[in-house]
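# Mind looking at a prediction? Sequence and model below.
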Amino acid sequence: MLRSQLIDNIHKENPYLTREEAERVVAVIFESMMQTLEKGARVELRGFGAFSVRQRKARKGRNPRTGEDVMVPEKHVPFFRAGKELKAQVDASRKG
C-alpha cells in the first residue's frame, strides 16, 4: 500500500474529512512516530506491532567491486516487530 492509498482510504472511511485533512492526519501520525524513534523510544500499536531503534555495531565490510576491506561505521536503524494479531491475520489469509 502506498501513502496515497492510505490517505484515500482514510478519506473514503471519513467523508466529513477533506482529502487534504486526511493527508494531514497521515503526516502528523508519521511525523510523531519518527520523532519518537529519533529520541530512541519505542512506538507500539497494539494488535499491529512495535517500532523500535536498534544499534548496529561498527564492522569490517568488503567492497564488492574491488574486494578491498572497508570499515562500516556504527549506526542506528529502525526495526519493526509484527504483533501477534497481525501475524495471525496474515497467516490465516494465506492459508485459505
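Alright, I've got the coordinates. All values reported here derive from a predicted model rather than from experimental measurement. Numbering: from 1, shown residues only.
# residues of the longest helix along the chain that come out buried?
For the chain, the helix reaching the highest residue count under DSSP state H is reported as helix 19-38. Along helix 19-38, the positions that meet the burial threshold by neighbour count (16 or more other C-beta atoms under 10 Å) are Ala22, Glu23, Val25, Leu37. Any C-beta I mention is one placed from the backbone N, CA and C, and that applies to glycine too.
# can you list the domains in this structure?
1-39, 42-96 (automatic domain parsing).
# Just name the most buried of those.
domain 1-39 (a mean of 13; mean count of other C-beta atoms under 10 Å).
# how long is it end to end?
27 Å (C-alpha to C-alpha, to the nearest Å).
# Now Glu68. Nearest residue, chain neighbours left out?
Counting by C-beta to C-beta, 6 or more residues apart in numbering, Glu68 lies nearest to Arg62, which is 7.2 Å off, once chain neighbours are set aside.
# do Glu44 as well
For Glu44, the spatially nearest residue (C-beta to C-beta, 6+ apart) is Ala50, at 4.4 Å.
# C-alpha coordinates for the helix or strand hosting that neighbour, CSV please?
In the assignment (DSSP states H and E), Ala50 maps to strand 49-56. Written as CSV, here are the backbone C-alpha positions of strand 49-56 (Å, rounded to 0.1, in the frame of the first residue of the first chain):
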residue,chain,number,x,y,z
GLY,A,49,3.2,-4.2,16.0
ALA,A,50,6.0,-2.2,17.5
PHE,A,51,8.7,0.0,16.1
SER,A,52,12.0,0.5,17.8
VAL,A,53,15.6,1.5,17.1
ARG,A,54,18.4,-1.0,17.1
GLN,A,55,22.1,-0.3,17.2
ARG,A,56,24.3,-1.9,14.7
